[in-house]
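> I would like the atomic coordinates for the input below:
(one chain, ligands or ions: 2)
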Amino acid sequence: MSTHRYHQHFTVSWDQLHRDVRELCHRLIERDFKGIVAITRGGLIPAALIARELNVRLIDTVCIKSYDHMGQGGLEVMKGVDHDGDGWLLVDDLVDTGKTARKVREMLPRAHFVTVYAKPEGRPLVDQYLTEVAQDCWIQFPWDMGIAYVEPLVDQVKR
Ligand SMILES: O=P(O)(O)OC[C@H]1O[C@H](OP(=O)(O)OP(=O)(O)O)[C@H](O)[C@@H]1O
Ligand SMILES: [Mg+2]
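Residues are numbered from 1 along each chain as shown. Ligands and ions are numbered 1, 2, ... in the order given. Predicted coordinates:
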């Protein structure tokens, strides 16, 4: 995969992310979970917000890396868990090609797997997600952004 895959950006603010995660929690409220497994690093913040809403205190991680900014490299599992996910909620920020999800599903086949955002290729691998995003769209998360000065339009256009 290369950056050529992405032709659009979908920028998610902290507020938007918080609203989206809360909406996802509404859809999870009837279930009981032993704990949450967050897929690092992107799953950590959604997992913390979900833990707060569902009053879950037991939180574990699967530590995995597949992307270097927009370029996808090899998949590296740095830490797993010692169970098959039965009764656990598995959380990631998004599923894109599904490569990460496929690997983690192998490790925790019985977990209930949710993501906040899902692209069509990866969507079949998760049990639930909140918002679908086009395959060619790069989701820009708030932790990767900062507030910056923007030049007035007249200076941008007329200079
Ligand atoms: O469906 P895929 O094509 O596998 O892509 C989705 C994964 O890629 C990102 O993680 P990344 O490996 O970039 O690491 P990070 O969570 O530490 O940012 C994202 O957080 C998902 O875990
Ligand atoms: Mg990730």
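> switch to C-alpha atoms for all contacts and neighbour counts from now on
OK.
> ok, for Asp60, nearest residue in space, not its chain neighbours?
Val37 (4.7 Å; Cα to Cα, 6 or more residues apart in numbering).
> tell me which helix or strand the one you found sits in.
Per DSSP states H and E, Val37 falls inside strand 35-40.
> what does Glu53 give?
helix 44-54.
> quick one: contacts of that helix?
18, 21-22, 25, 29, 36-38, 56-57, 91-93, 116 (Cα atoms under 8 Å, 6 or more residues apart in numbering).
> follow-up on the earlier one: so what are the sheet partners of the strand holding Val37 and their directions?
strand 59-68 (parallel), strand 88-95 (parallel) (DSSP bridges).
> and the gap between the closest residue to Gln128 other than its chain neighbours and Arg105?
Leaving aside its sequence neighbours, Gln128 sits nearest to Val114 (Cα to Cα, 6+ apart; 4.8 Å). Applying Cα to Cα, to the nearest Å, the value for Val114 to Arg105 is 11 Å.
> show me what from the protein comes close to ligand 1.
Counting by Cα under 6 Å from any ligand atom, the chain comes close to ligand 1 at 40-42, 65-67, 92-101, 122.
> is there a quick ChimeraX command that grabs whichever of the residues you listed are buried?
To isolate the buried ones among the residues of the chain next to ligand 1 in ChimeraX, judged by 16 or more other Cα atoms under 10 Å, type:
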select :40,42,65,92,93,94,95,96,97,98,99,100,101,122
